[in-house]
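Asker: got a sequence here, can you build the structure:
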Amino acid sequence: MNKKSVYIIASVFVFSVLVDLIDAVVQPNYFVKIPIKIFFFLALPVIFFIVNKKEFKEFKKLFVFKKSGILKSLLLGAAVYAVIMSAFFLLRDIIDFSRVTSSLTNGMGITADNFIYVSLYISLMNSFLEEFFFRGYGFITLKKYTNRKFAYIFSSGIFAVYHIGMLIGMFGIGALLLLLFGLIAGGCIFNYLNETNENIYSSWFVHMFANFAINTVGLILFNGV
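Answerer: The predicted model follows:
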């Protein structure tokens, strides 16, 4: 591995593990964590491209909006929404969801009153930042300095690791492993969409719909439906 790939791998890995530790141990108010996450989501790639200015020209292409592939991404996103919601209603009597709302409230300061604002941020902005960081930077850019297979495995795997700290207090080990497997599979799908359509909007739309579904579940749980 060269210095470029080592920096990308190390920065994505260390950031993801730190987020896990902060979520699991410190458990800061979510509104405090938002600006910190935004800063590092942007700062780590920016440092890389400041040092490697020539690479930024290629990276900018990921933000060029193309109509081709967007309709498929929207339809896939709608299908993902339907699958997640169907899975919730099928499994709600099997998997214990009782700890979800208490964990959000006690660990992050998220309540029924402010959940709608948090859910909009997560669905729209946070999903875009994650696609920028884990797919645009942690996959497409990394793939240039490693091989394609490694970039797929690393990006999707670390995307799942990044969520462990938040999920570990909400679910039992069985449900947690199932969710992590879903995140890895989702990361691979997001990578494939970006690779196929050559921009991050394709995966962002699907990611957005997935978050809409998860937040719909959150609203249902908070309202005791």
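Asker: now do the same contact list for the spatially most central residue of the chain.
Answerer: Nearest to the mean C-alpha position of the chain, counting by C-alpha atoms, centre = their mean, stands E130 at 4.9 Å. Contact partners of E130, counting by C-beta atoms under 8 Å, 6 or more residues apart in numbering, are F41, F159, H207. The way it works is simple: take the backbone N, C-alpha and C, and place the C-beta from them, glycine included.
Asker: for the first one, list the residues it contacts.
Answerer: So that's F41. F41 is in contact with L129, E130, F132, F133, counting by C-beta under 8 Å, 6+ apart.
Asker: 10 Å instead?
Answerer: F41 is in contact with F15, N126, F128, L129, E130, F132, F133, F134, Y137, counting by C-beta atoms under 10 Å, 6 or more residues apart in numbering.
Asker: host element of the residue nearest to the centre of the chain?
Answerer: Using DSSP states H and E, E130 maps to helix 127-130.
Asker: mind saving the C-alpha coords of that helix as PDB?
Answerer: C-alpha atoms of helix 127-130 as PDB (Å, rounded to 0.1, in the frame of the first residue of the first chain):
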ATOM      1  CA  SER A 127     -27.100  10.400   4.600                       C
ATOM      2  CA  PHE A 128     -25.400  12.700   2.000                       C
ATOM      3  CA  LEU A 129     -22.400  13.200   4.300                       C
ATOM      4  CA  GLU A 130     -22.100   9.500   4.800                       C
END
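Asker: which outside residues touch the very next helix or strand once past it?
Answerer: Helices and strands here follow DSSP H and E; after helix 127-130, the next one along the chain is helix 142-143. For helix 142-143, contacts defined as C-beta under 10 Å, 6+ apart pick out 4-5, 7-9, 12, 135-136, 148-152, 154-155, 191, 195.
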